[in-house]
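Engineer: Okay, here's the prediction I keep looking at, along with the sequence it came from:
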Amino acid sequence: MVQPRRIELHGQPIGTGAFPSIIVPLVGRTVAEVRAELAAIVPKQPDLLEWRIDGFEGIADTALMVDMAREIKRAARHLPLLLTRRHTREGGQAIALAEPDVVALYARLCEAGCVDFIDYELSNAREQLAHLRAVSARCGVGMILSYHNFQSTPDFDTLLGTFAEAERLGADIAKVAVMPEAPQDVLTLLGATCKASQTLGIPLIGISMGGLGAVSRIMGWQFGSAATFAVGKSGSAPGQLAVEDLRAVLATVRQAAR
């Protein structure tokens with residue numbers, strides 16, 4: 001088994017420090033829906049909450065977004081908060097903001113001290129990515145640089161290069177999520193994650209999506225993936241398991257791996 005690098009916040013591992021860390025998304029479209037999700041999810045104690053703002057109807061109102069992020073942080077208590085606007089080209093929803101406005105919103109939320117991590121795609125313009133890296137670093141906010149492919153799984157070398165590119169551009173965490181078309185694609189993703197975890201110096205998240213790739217969400221930590229995503233109330237990507245089911249399976253696997 002490859003030992004993943006832990007995801008840390010200010011030098012301390014998030015959650016219990018057990019592998020994999022469990023990330024649960026908030027995907028509500030309204031304030032009321034997000035509040036209902038928080039009430040359902042926080043008692044389940046994931047390691048990290050992800051706020052998927054591309055589906056939130058108030059995304060263009062910066063003051064509301066800051067207030068909502070602060071409310072989420074209060075309700076989440078000690079749980080770290082990851083901010084994610086997923087671009088449409090990588091599986092997200094269309095939003096009423098141009099990319100410079102998205103960058104400005106990310107920066108404002110970092111500066112307000114109401115998020116702990118941000119996720120930004122490697123496919124974005126380098127100058128925007130570099131600006132957010134500088135802002136997040138100055139504010140003590142961790143940065144995930146990510147790549148998502150909902151159509152296919154690139155070859156091993158491309159995946160390995162994607163992980164490496166995220167580290168080269170200053171990521172605190174590199175994330176790659178791809179869609180398998182055959183069982184071999186799942187092995188390709190796991191193999192690339194394993195190799196990258198042995199050669200890179202940052203935590204990695206490697207995910208093969210959909211039902212075929214579900215094994216990567218359960219066993220990816222044994223191939224160097226530090227975290228996995230689970231459903232608390234509503235999912236954010238195909239193949240996610242309910243957090244309770246995921247915990248039960250992980251407990252069985254950990255027992256067997258001793």
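Structural biologist: Ah, there it is.

Engineer: element containing F229, please.
Structural biologist: strand 227-231 (DSSP states H and E).

Engineer: Please compute how far that strand lies from its chain's middle.
Structural biologist: 8 Å (Cα atoms, centre = their mean, to the nearest Å).

Engineer: for stretch 51-65, same thing?
Structural biologist: 18 Å.

Engineer: residues in contact with it?
Structural biologist: With Cβ atoms under 8 Å, 6 or more residues apart in numbering as the test, stretch 51-65 has contacts from 25-31, 34, 68-69, 72, 81-87, 92-93, 95-97, 101, 104-105, 108-109, 115, 236. C-betas here are computed from N, CA, C, even on glycine.

Engineer: Quick check: buried residues in it?
Structural biologist: Neighbour counts using 16 or more other Cβ atoms under 10 Å place W51, R52, I53, D54, G55, F56, G58, I59, T62, M65 of stretch 51-65 among the buried residues.

Engineer: With stretch 151-161 instead?
Structural biologist: T153, P154, L159, L160.

Engineer: in its sheet, what does the strand holding F229 sit against?
Structural biologist: Strands that pair with strand 227-231, judged by DSSP bridges, come out as strand 21-26 (parallel), strand 241-242 (parallel).

Engineer: and these, which is most packed in?
Structural biologist: Comparing those by mean neighbour count (mean count of other Cβ atoms under 10 Å), strand 21-26 ranks first with a mean of 26.

Engineer: gap between that strand and the chain center?
Structural biologist: So, by Cα atoms, centre = their mean, the centroid of strand 21-26 is 8 Å from its chain's centroid.

Engineer: Following the chain past that strand, name the next helix or strand.
Structural biologist: Criterion used, DSSP H and E; the element after strand 21-26 is helix 31-41.

Engineer: Find the residue closest to A36 in space, skipping its chain neighbours.
Structural biologist: Sequence neighbours aside, G28 is the residue nearest to A36 in space, at 6.9 Å (criterion: Cβ to Cβ, 6 or more residues apart in numbering).

Engineer: what's near enough to touch that neighbour?
Structural biologist: G28 touches V34, R35, A36, E37, G55, F56, S234, counting by Cβ under 8 Å, 6+ apart.
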